[in-house]
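Trainee: quick one, fold the following:
(one chain, ligands or ions: 1)
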Amino acid sequence: MDKTKVTMEPKKSGGGGGAFYVPGNDRVFYKPPEKKSPFGLHVFANANAKREGYISERIENQHDSSDYGKDYYHRRKSGGQYEQDQCGGGYGRKQSRYEGSMRKHGRSSDWDDGRLGWQDTPRHSSYSNASKRHQAGSAASPWDFSPVEIPSGYSIKSSSSKHGAGSHKLTVYSENSESFKDGEGDKTDLDEEHKYEIRESMRQEMDYNSDVAWYDREEGNAMFDTTDSSSLFYGNDASYQKKEAELAKRLLRRDGTKMTVAWSRKMSQLNADNARWEDSQLSRSGAVSATKAQTEIDDEEEHKVTLLVHDTNLKPPFLNDSAVFTKQAEPVMPIKDPTSDMAIISCKGSALVRRIHEKQNLNKSRQRFWELAGSKLGEILGVEKTAEQIGTDTAATGTDGEINFKEDAKFKQHMKNGEAVSEFAKSKTISQQRQCLPIYSVRDELLQVIRENQVIVVVGETGSGKTTQLTQYLHEDGYTVNGIVACTQPRRVAAMSVAKRVSEEMETELGEKVGYAIRFEDVTGPNTIIKYMTDGVLMRETLRDSDLDKYRVVVMDEAHERSLNTDVLLGILKKVVARRRDFKLIVTSATLDAQKFQTFFGSAPIFEIPGRTFPVTINYNESPCEDYVEAAVKKAITIHITSTHGDILIFMTGQDEIEAACYALSERMEQLISTSKNRVPKLLILPIYSQLPADLQAKIFQKAEDGVRKCIVATNIAETSLTVDGILYVIDTGYCKMKVYNPKMCMDALQVFPISQTAANQRAGRAGRTEPGTCYRLYTKNAYRNEMLPNPVPEIQRTNLGCGCWVLLTIRAA
Ligand SMILES: Nc1ncnc2c1ncn2[C@@H]1O[C@H](COP(=O)(O)OP(=O)(O)OP(=O)(O)O)[C@@H](O)[C@H]1O
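Mentor: Residues are numbered from 1 along each chain as shown. Got it, this is the predicted structure:
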């Protein structure tokens with residue numbers, strides 16, 4: 001008989017764990033202080049004891065352990081059914097179920113073949129695996145019966161080392177065991193021996209496990225549902241198989257394949273997230289006051305670090321409601337009368353724009369739906385990209401595959417030499433054209449005033465030659481011998497186009513004697529003596545060189561626009577003028593509001609340029625128009641049909657309106673061509689706004705084909721300094737977008753407002769530059785006089801000054 005005697009002794013070592021001592025092998029096994037084990041004696045014993053009414057009997061006899069042992073052994077001997085159930089039935093099944101995990105730990109021996117009754121508690125890892133599996137389906141613990149008070153912690157000694165290290169076990173003999181077939185004497189001896197062994201071992205193990213169960217239950221752990229008769233250790237085979245099937249089903253995907261560990265984790269995470277969301281919803285709704293706190297901390301949790309960031313110190317003061325940084329609670333509205341027709345119409349916006357947007361969005365989504373090229377489906381079906389799509393994709397990509405986002409913003413490569421369109425330009429040489437300008441008649445007086453004064457304010461009508469001629473006169477008068485003559489413009493397109501024109505007049509390459517510098521593009525060289533630039537670029541240069549040493553004269557053009565950069569620059573240049581005696585400043589303005597500049601610079605002389613190149617006829621609407629975009633489109637079509645020649649320039653407020661107007665124009669032209677019996681001349685529709693790529697912006701300066709009329713739809717970037725040869729008609733809607741700072745929201749907002757009278761005159765001035773022109777104002781004369789401000793509200797009064805202040809602080813620090 002292969003028998004191992006096991007005796008139990010009180011624990012020698014402290015702590016919750018115990019030592020397994022195997023005599024003859026002198027090997028001590030540490031038993032970890034586990035709280036529970038589904039494989040140990042306690043479970044087996046408790047489950048069966050409950051079935052047999054053993055526990056109640058045991059409680060009755062707990063003061064007489066020998067009797068209890070006897071009773072137990074007696075029943076073992078006589079209760080055949082019981083023995084069979086334990087050794088060959090229920091437990092056999094249980095053992096086979098967990099065989100894998102046990103063998104993993106090298107416990108394979110003869111007691112592992114299912115014949116033997118029970119075995120010691122598995123190691124921690126197999127325990128934890130099993131517990132994890134059962135927690136999913138179990139609601140209560142098998143230790144849920146009343147616990148018995150017993151001393152905790154015992155060590156177990158094995159009386160035999162026959163099975164080698166690690167094969168210690170408690171043995172219960174089965175009926176078909178060899179020992180039972182031996183003689184009666186042997187049997188009696190064995191009975192006596194096992195009476196003690198079983199009584200002690202059973203009691204100690206059960207006591208230990210009951211103790212564990214007691215503490216475990218207190219902690220809220222539940223491994224097995226004692227109320228569930230189909231629980232694992234109750235031996236209900238059908239329900240066990242059902243649970244197995246459920247578990248297997250849960251580990252399968254919908255397509256029948258097995259779940260990977262990652263997927264299973266994902267599912268668990270998803271379930272956990274859902275549960276957390278439900279908890280938060282419940283607590284928010286007030287249905288529960290708090291959720292149960294997690295008391296168990298697993299290994300992963302231990303490694304997690306929770307960072308608590310207190311935002312009280314990080315919150316910037318301007319986000320703190322208590323700090324007030326402005327005394328002005330209301331935004332400064334650049335509007336004369338908020339109840340006027342124009343103000344109300346500007347708030348309502350254009351109905352045509354809304355209609356077209358809806359239509360375009362619908363078309364776009366349809367187009368996207370059918371557009372297979374470039375998509376995955378397109379690749380599968382072999383749909384190739386069109387040349388246009390490839391061009392768009394690779395336009396900004398350089399030879400090495402790098403993306404150059406600034407490439408599109410460069411004007412120089414797109415600007416071709418201007419071809420004359422008007423009779424004025426065609427019939428006269430450039431020098432003759434220059435001599436026709438109003439400024440030419442006052443050239444000498446002007447130069448004399450400049451020689452005598454350090455700061456001069458020059459006022460003149462649109463097209464009188466301030467921008468293009470003044471710089472050349474200064475060059476001719478010797479101001480470029482030891483310095484550069486700079487001319488600032490509020491807008492990039494103006495700086496670029498004027499530089500181009502002056503380089504043509506001076507018969508030099510753009511970038512040589514005459515150049516321009518705008519954001520992302522510096523077309524100047526070492527020989528540059530006349531430099532056009534945006535006011536923003538000059539302001540940046542003052543950060544590097546506060547005295548602007550390389551400049552001899554600075555012409556601040558279109559100062560009446562009162563952009564933020566212009567106003568800041570005026571302040572900076574005033575100091576430069578004070579520091580440098582050789583420096584000259586000329587401020588040009590299209591309005592008679594020049595006294596302000598005069599005063600600012602300490603009674604600087606104002607020089608007026610009389611007259612204009614060509615007259616401009618102004619036409620007003622008889623009544624206010626509700627939809628100015630619709631009215632502008634109609635007016636353009638009317639001009640196109642009724643007039644013989646001359647290009648059209650329409651002013652809109654922004655990109656969305658421009659796109660809508662271009663769409664409506666092309667749609668109506670198509671209708672016109674298809675319905676008209678007479679031949680309708682072509683209309684070339686050209687949008688221009690600041691966000692448009694430079695190549696498309698440059699198109700407005702190119703001559704259209706013969707017999708084709710250009711119709712430019714622009715924002716106010718075409719309002720000043722721009723000369724497009726051939727423009728005879730200007731359609732002025734009377735509105736523009738302006739940035740206004742809202743102190744309540746602490747943000748700038750871009751809103752549509754009626755323009756000022758000065759701006760209206762500037763718009764009209766885009767016609768009549770190379771031949772007499774007409775301006776159609778889509779508002780009444782009364783509105784011009786009473787609903788428009790005479791001058792625009794300076795940007796410095798209506799926008800956020802954060803950026804300007806930074807610049808000034810930087811200059812002061814430099
Ligand atoms: N690209 C061009 N093609 C043809 N003529 C041009 C061109 N640019 C300027 N001119 C001529 O030069 C004139 C003066 O233009 P300039 O821009 O200097 O006037 P301005 O007084 O600055 O006007 P504004 O204040 O409106 O900018 C124009 O009226 C026009 O006759």
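
Trainee: ok, now which ones touch residue 525?
Mentor: 511-512, 515 (CB atoms under 8 Å, 6 or more residues apart in numbering). (Each C-beta comes from the backbone N, C-alpha and C, glycine too.)

Trainee: that's a strand at residue 775, yeah?
Mentor: Yes. Counting by DSSP: H, G, I helix; E, B strand; the rest coil, residue 775 is found in a strand.

Trainee: gap between it and residue 618?
Mentor: Plainly put, residue 775 is 5 Å away from residue 618 if you go by CB to CB, to the nearest Å.

Trainee: what do the two both touch?
Mentor: residue 764.

Trainee: with neighbour numbers in mind, choose between the two.
Mentor: Shown here are residue 775 and residue 618; by other CB atoms under 10 Å, residue 775 has more neighbours (23 against 16).

Trainee: so how far is residue 633 from the nearest residue to the more buried one once chain neighbours are set aside?
Mentor: Spatial nearest neighbour of residue 775, excluding adjacent residues (CB to CB, 6 or more residues apart in numbering): residue 764 at 3.8 Å. Residue 764 sits 20 Å away from residue 633, going by CB to CB.

Trainee: next: residue 354.
Mentor: 14 Å.

Trainee: of the two, give the one with the bigger neighbour count.
Mentor: Taking neighbours as other CB under 10 Å, residue 354 and residue 633 compare with residue 633 leading, 24 against 14.

Trainee: residue contacts, that one?
Mentor: Counting by CB under 8 Å, 6+ apart, residue 633 touches 352, 661, 664-665, 668.

Trainee: from those, which single one is nearest the ligand?
Mentor: Nearest to the ligand among these: residue 661, at 23.5 Å, using CB to the nearest ligand atom.

Trainee: show me the contacts for the residue in the stretch 601-750 of the chain positioned nearest to the ligand.
Mentor: At 3.4 Å from the ligand, residue 723 is the closest residue in the stretch 601-750 of the chain, using CB to the nearest ligand atom. Taking CB under 8 Å, 6+ apart, we find residue 723 in contact with 463, 497, 501, 766, 769-770.

Trainee: keep only those that also lie close to the ligand.
Mentor: 463, 501, 769-770 (CB under 6 Å from any ligand atom).

Trainee: find the helix or strand that residue 752 is a member of.
Mentor: Residue 752 belongs to strand 747-754 when assigned by DSSP states H and E.

Trainee: name the helices or strands packed onto that strand?
Mentor: Judged by 3 or more CB pairs under 8 Å, 6 or more residues apart in numbering; DSSP states H and E, strand 747-754 is in contact with helix 341-348, strand 735-742.

Trainee: the helix or strand following that strand packs against which elements?
Mentor: Of the helices and strands lying after strand 747-754 in sequence (DSSP H and E), the nearest is helix 757-764. The helices and strands touching helix 757-764, judged by 3+ CB pairs under 8 Å, 6+ apart, are strand 727-732, strand 773-777.

Trainee: which stretch among those strands is buried most, on average?
Mentor: Burial of the helices and strands packed on helix 757-764 is given as mean neighbour count (mean count of other CB atoms under 10 Å); strand 727-732 ranks first at a mean of 25.

Trainee: so which bits of the helix or strand where residue 687 lies are buried?
Mentor: Assigned by DSSP H and E, residue 687 falls within strand 682-688. Of the residues in strand 682-688, 683, 685-688 count as buried by neighbour count, 16 or more other CB atoms under 10 Å.

Trainee: in TSV: those, plus pLDDT and distance to residue 700.
Mentor: What follows is the buried residues of strand 682-688, written out as TSV (pLDDT from 0 to 100; distance: CB to CB, whole Å):
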residue	pLDDT	distance to residue 700
683	92	14
685	93	11
686	93	5
687	93	9
688	93	5
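
Trainee: number of nearby residues for residue 241?
Mentor: 12.

Trainee: could you look up the SS state of it?
Mentor: From three-state DSSP, the assignment for residue 241 is helix.

Trainee: got a winner among the contacts of residue 525 for most neighbours?
Mentor: residue 515 (25 neighbours).

Trainee: how close does the closest residue to it other than its chain neighbours sit to residue 487?
Mentor: Leaving aside its chain neighbours, residue 515 sits nearest to residue 524 (3.4 Å; criterion: CB to CB, 6+ apart). Per CB to CB, residue 524 is found 13 Å from residue 487.
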